[in-house]
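Here is the input, now give the coordinates:
(4 chains)
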There are 2 protein chains.
Amino acid sequence: MATSPPASPLKSRDRLVATATKLFYANGINATGIDTVIAESGATKGSMYHHFHNKDGLVAAYLRGEANGWHEAATGVDDSSKSPVERVALMFTIPATAIATDSFHGCPFTNAMVERPADPAIAEIVGDYRRVMAEHVADLIGAKTTDTVVAQVVVLYDGGVTGAKQTRSAAPVATASAMAQNVVRAWLKTGRD
Amino acid sequence: MATSPPASPLKSRDRLVATATKLFYANGINATGIDTVIAESGATKGSMYHHFHNKDGLVAAYLRGEANGWHEAATGVDDSSKSPVERVALMFTIPATAIATDSFHGCPFTNAMVERPADPAIAEIVGDYRRVMAEHVADLIGAKTTDTVVAQVVVLYDGGVTGAKQTRSAAPVATASAMAQNVVRAWLKTGRD
DNA sequence: GTTAGATTAGACAGGTTCGTCTACTATTGT
DNA sequence: ACAATAGTAGACGAACCTGTCTAATCTAAC
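This is a model prediction of the structure:
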């Protein structure tokens, strides 16, 4: 008789990743010691190094989670009944909302590449995230991933988020969103180019 | 008979800042210990803490230098005899060139805000840099700093540089440059909006 | 010439970091 | 019943970090 799927609400590995997600994003990866993550997650060192080869492993798991999280958020705010222009605008509400709630600390992928420039696993996950985003944008507007308009929207997204991080204001995101809508509108009107 | 303006090629304070500039940008601020900067600059700890209250002070001096450096680079590549559109394109050659020489590690201001999010001095210097950049762009195209077109070009600049950092490629900068030229062209044609 | 600022050289304290290791226990699948 | 996986609890080492301090010298201005 198993004592019910053990009272543990979450396996220790998942708790570690969840805590890392919170702390790494809010306080920075390098500024957050492994000991802090372990303590706050209620796990132990043995567990940590059982599941992850080293801190880089935990960081990679954290970043993969962020990539999934972005995709979920993007599909979550989407509304396929709306026009391409409106759907792109919806995508830009993701950073806009985050800034409003004050739990915004910039793009987790940019942050990770800045904090751990030498880690190839990070570069790979960031590449995956960017591919997912390009596909998502292409879907929203009915373009091919390789179309210029997709790269343009991505540049605007990056620019809006980076500007928001630097200025601690939502204005750059609003500017970027408006520009993205213009770009998509023009692309729809002139027929793909 | 002074032994000629002392053989020292550079005062120790300047050597510290120069070394910090190289190491902080290339390897990251937090990843570079004060001892390393001191050793590589040929200065000593006493000198370091004579000129700077703490590491934050050295970081601030480094970032101020980067802000000045950007302004010099921007005016250096500019050519006032060219058209507004061409002059904006010239500005985008700054990151494009840096990426080509492989000494590119992203935007120093973004990096600093990521690595030391709590330091108010950094936020201030970044704000100065952004004001300088906005004024520069406004000058290039004959706009007011508060015109929408200026904010648009800045968003594109940020987006190009961030994308380049994430992808380790110059493509986002090229995309951003082309978009900036389009935006300025449209703004000139329709007359300020 | 005297005084103040700049500099050298390095020891030192106090803290943090990551990762290893031992020894033991609980759960789970077969 | 047994073996493999997952976990607890915490000591520990070795490296690193920032910042202080002493004590002596060198330069420059006034």
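
Can you tell me the SS state at the spatially closest residue to A:Leu23 that is not a sequence neighbour?
Of all residues beyond its chain neighbours, the one nearest A:Leu23 is A:Thr32 (4.5 Å), with distances taken as CB to CB, 6 or more residues apart in numbering or on different chains. Heads up, the C-betas are built off the backbone N, CA and C, glycines and all. Secondary structure, DSSP: H, G, I helix; E, B strand; the rest coil: A:Thr32 is coil.

what's the answer for A:Leu10, then?
Under three-state DSSP, A:Leu10 falls in the coil class.

how near is it to A:His50?
16 Å (CB to CB, to the nearest Å).

What of A:Ser169?
43 Å.

Within range of chain B, give me the residues from chain A.
Listed as neighbours of chain B in chain A under the rule CB under 8 Å from any CB of the partner chain: A:28, A:30-31, A:105-107, A:109-111, A:113-115, A:117, A:123, A:126-127, A:130, A:148, A:151-152, A:154-163, A:165-168, A:171-172, A:175-176, A:179, A:183.

Just the buried ones from the residues you listed, in PyMOL syntax?
Of the residues of chain A next to chain B, the buried ones can be selected in PyMOL as follows, counting by 16 or more other CB atoms under 10 Å in any protein chain shown:
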select buried, chain A and resi 28+30+31+105+106+107+109+110+111+113+114+115+117+123+126+130+151+152+154+155+156+157+158+159+160+161+162+163+165+166+167+172+175+176+179+183
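
For chain A, which residue gets nearest to chain B?
As assessed by CB to the nearest CB, chain B sits closest to A:Gly159 within chain A, at 2.7 Å.

For that residue, give me its contacts.
Listed by CB atoms under 8 Å, 6 or more residues apart in numbering or on different chains, the contact set of A:Gly159 reads A:Pro172, A:Ala176, B:Val154, B:Val155, B:Leu156, B:Tyr157, B:Asp158, B:Gly159, B:Gly160, B:Thr162, B:Ala176.

one more time with 6 Å, if that's ok
Contacts for A:Gly159 (CB atoms under 6 Å, 6 or more residues apart in numbering or on different chains) come out as A:Ala176, B:Val155, B:Leu156, B:Asp158, B:Gly159.

for A:Pro120, same thing?
Applying CB under 6 Å, 6+ apart to A:Pro120 gives no contacts.

Tell me how far A:Met120 lies from A:Ala60.
Quick fix: residue A:120 reads Pro, not Met. A:Pro120 is 10 Å from A:Ala60, by CB to CB.

Can you pull the residues that touch both of the two?
Overlap of the contact sets of A:Pro120 and A:Ala60 (by CB under 6 Å, 6+ apart) is empty.

Could you give the number of residues near A:Lys189?
When neighbours are counted by other CB atoms under 10 Å in any protein chain shown, A:Lys189 registers 7.

Need the per-residue pLDDT for it.
For A:Lys189, the pLDDT comes out at 94.

which phi and psi does it have?
Phi and psi for A:Lys189, reported as degrees, to the nearest 10, are phi -70, psi -50.

How much space separates it from DNA strand D?
54 Å (CB to the nearest atom of the strand, to the nearest Å).

Show me how chain A divides into domains.
Domains of chain A are assigned by automatic domain parsing as A:10-52, A:66-189.
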